[in-house]
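**Student:** With the sequence up front, the predicted model follows.
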Amino acid sequence: MLYDTAVHRALPQHQLGAFLPAPPKGRTLVLGAGKAGGAMAAAVDALWPATAPLSGLVVTRYGHVPPAYKAQPGRIEVVEAAHPVPDTAGQAAARRIAALTQGLTADDLVLCLVSGGASALLTLPAEGLSLQDKQAVNRALLMSGAPIDEMNCVRKHLSAIKGGRLAARCAPARVVTLLISDVPGDSAQVIGSGPTVPDPSTCAQALAICDRRGISLPQAARQGLERGTFETPKPGDPRFLGHEVHMMATPMQSLQAAAAAAREAGVQAHVLSDEIEGESSVVGQVHAALARQVARSDEPFHKPCLLLSGGETTVTVDTSGAAAGRGGRATEFLLGCALALQGQPGVYVLAADTDGIDGSEDNAGAVVTPDTLARAQALGLSARAFLDRHDSYSFFQALGDLVVPGPTFTNVNDFRAVLIC
């Protein structure tokens, strides 16, 4: 399965070894957060010399610790917390991680393991803010339709540990950051809200995003942004001298691995982009339009062929109306795609999140086939009604078309495959 190939390419145990530095003169401290955090910690523990000192703390999403490492923990402690809305467990982990940076020396090495999800998992509110404040802002951002770079600009400025602040706490130790990208453009400043890299964005930009998106801010948050007291460390800050940042896995690498597997099977594959953003259902409509063009006129690609894409779409929920249904970006994309395809013969679509969880449900995504709408109609289901109330999970669950692999222990974001026969 091409989804499995894409995920395999991004697994930490297959990629991390090439980026590990040599043990330092002093001690090695491992700190990290993200959906791939547990697997990254396990890989470091397995590859680090048994005779070299190693300790640390990493926080990952509930259920995302590799079973073998959970059953037999190693030298790096891995704890679990909530995603996408932070909880007290994430806050407690962030406090412990911040405390572990005390007393570091120039002889010490800090390995920072950062992957998608770290923004919610590594939660230490800025001075004057509470966890409840951060939760409220986070929920509003998630429902606003804001792209990930905007969300993380706000998150890092309301944090005491993200936006380069974690690395600043580690001075004078050397910091090596290992990243798995889940964001369009693979920007280290955006992945996990960039806890270990200098931040070029500003408080003014964060405030403008909140105002433009209609995000209600607690008084302390608004004042901190307006006065610039929540400003992040900037490029050129001497505390980042000598630090290294390595990108272990990216969305494009996973898409290219899937494309290579398809070509080996005799199907021409085309990677459209790994940076597709926008409203999930609308992106689904665009993919459907391209697929119909290929299916009907053999342009701009010759069939049979496979179209692959990645990125991070969004779902905007109108909070003033009825309560939203269940579902994430992948299934919302597929519902929009199915409606636009209108049963086009010879077109099959899979969309799934590479972390194995689409939003907050138990599925990674789902599939669309030429008879999706016909089968739904036979069950008395209106695809349009399900889409209007953002209930895509329930739609595909009723059809038996959900993809449920469970946590994959990595995260390079959206994976979409359109097969045109």
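**Tutor:** Thanks, I have the structure now.
**Student:** Report the secondary structure state of residue 135.
**Tutor:** Following DSSP: H, G, I helix; E, B strand; the rest coil, residue 135 is assigned to helix.
**Student:** pretty sure residue 385 is in a helix, no?
**Tutor:** Yes: counting by three-state DSSP, residue 385 is located in a helix.
**Student:** gap between it and residue 65?
**Tutor:** To residue 65, residue 385 is 39 Å away according to Cβ to Cβ, to the nearest Å. In this view, the C-beta of every residue, glycine as well, is placed from N, C-alpha and C.
**Student:** and what of residue 405?
**Tutor:** Remark: distance between residue 405 and residue 65 (Cβ to Cβ) = 16 Å.
**Student:** When those two are compared, which one has more neighbours?
**Tutor:** Relative neighbour count places residue 65 above the other of residue 405 and residue 65, with 23 against 17, counting by other Cβ atoms under 10 Å.
**Student:** wait, the more buried one sits on residue 80?
**Tutor:** Yes: counting by Cβ atoms under 8 Å, residue 80 is a contact partner of residue 65 at 6.5 Å.
**Student:** could you check the distance from the most centrally placed residue in the chain over to residue 191?
**Tutor:** The structure's the chain has its C-alpha centroid closest to residue 116; by Cα atoms, centre = their mean the separation is 3.6 Å. Going from residue 116 to residue 191 by Cβ to Cβ gives 7 Å.
**Student:** And for residue 369?
**Tutor:** For residue 369, the distance to residue 191 - Cβ to Cβ - is 34 Å.
**Student:** So which of the two has more stuff around it?
**Tutor:** In this view residue 369 and residue 191 are compared by other Cβ under 10 Å, and residue 191 has more residues nearby, 29 against 16.
**Student:** Isn't that one up against residue 183?
**Tutor:** Yes: using Cβ under 8 Å, residue 191 makes contact with residue 183 at a distance of 5.5 Å.
**Student:** Please enumerate the shared neighbours of these two.
**Tutor:** residue 116 (Cβ atoms under 8 Å, 6 or more residues apart in numbering).
**Student:** where do the helices sit along the stretch 301-421 of the chain?
**Tutor:** 329-341, 372-378, 383-388, 392-399 (DSSP state H, counting those that start in this stretch).
**Student:** Tell me which of these is the most buried.
**Tutor:** Counting by mean count of other Cβ atoms under 10 Å, helix 329-341 has the highest mean neighbour count of the helices of the stretch 301-421 of the chain, with a mean of 28.
**Student:** And it, what does it pack against?
**Tutor:** helix 280-297, strand 347-353, strand 365-368, helix 372-378, helix 383-388, helix 392-399, strand 414-420 (3 or more Cβ pairs under 8 Å, 6 or more residues apart in numbering; DSSP states H and E).
**Student:** now the strands for the protein?
**Tutor:** 28-33, 55-61, 76-81, 109-115, 174-180, 244-249, 268-276, 305-311, 347-353, 365-368, 402-403, 414-420 (DSSP state E).
**Student:** quick one: the fifth one to strand 244-249, angle?
**Tutor:** Between strand 174-180 and strand 244-249, the angle formed by their directions is 20 degrees, by axes from the mean of the first three to the mean of the last three Cα atoms, to 10 degrees.
**Student:** quick one: contacts of strand 174-180?
**Tutor:** The contact list for strand 174-180 (Cβ under 8 Å, 6+ apart) reads 10, 12, 16, 19, 21, 24, 34, 36, 40, 106, 108-116, 167, 188, 191, 196-197, 240, 242-249, 410-412.
**Student:** hmm, which of those are the buried ones?
**Tutor:** Neighbour-count burial (16 or more other Cβ atoms under 10 Å) applied to these gives 10, 12, 16, 19, 24, 34, 36, 40, 108-116, 167, 188, 191, 196-197, 240, 243, 245, 247-249, 410-412.
**Student:** picking up where we left off before, would you turn the helices and strands packed on helix 329-341 into JSON lines with mean pLDDT and distance to residue 359?
**Tutor:** Listed next are the helices and strands packed on helix 329-341 as JSON lines, based on pLDDT from 0 to 100; distance: least, Cβ to Cβ, whole Å:
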{"stretch": "helix 280-297", "mean pLDDT": "97", "distance to residue 359": "10"}
{"stretch": "strand 347-353", "mean pLDDT": "98", "distance to residue 359": "8"}
{"stretch": "strand 365-368", "mean pLDDT": "98", "distance to residue 359": "10"}
{"stretch": "helix 372-378", "mean pLDDT": "98", "distance to residue 359": "20"}
{"stretch": "helix 383-388", "mean pLDDT": "96", "distance to residue 359": "15"}
{"stretch": "helix 392-399", "mean pLDDT": "98", "distance to residue 359": "8"}
{"stretch": "strand 414-420", "mean pLDDT": "98", "distance to residue 359": "12"}
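**Student:** For the closest residue to the residue nearest to the centre of the chain other than its chain neighbours, give me its contacts.
**Tutor:** Take residue 116 and drop its neighbours on the chain: the residue closest to it by Cβ to Cβ, 6 or more residues apart in numbering is residue 182, 3.0 Å away. For residue 182, the contacting residues are 35, 115, 116, 117, 191, 251, 312, 354, 355, 411, 412, 413, by Cβ under 8 Å, 6+ apart.
**Student:** at 6 Å instead, please
**Tutor:** Applying Cβ atoms under 6 Å, 6 or more residues apart in numbering to residue 182 gives the contacts 116, 411, 412, 413.
**Student:** List phi and psi for the last one.
**Tutor:** Looking back up the chat, that one is residue 413. phi 70, psi -150 (degrees, to the nearest 10).
**Student:** That one against residue 313, yeah?
**Tutor:** No: using Cβ atoms under 6 Å, residue 413 is not in contact with residue 313, being 9.4 Å away.
**Student:** Kindly tell me how buried residue 63 is, as a neighbour count.
**Tutor:** Count around residue 63 with other Cβ under 10 Å applied: 14.
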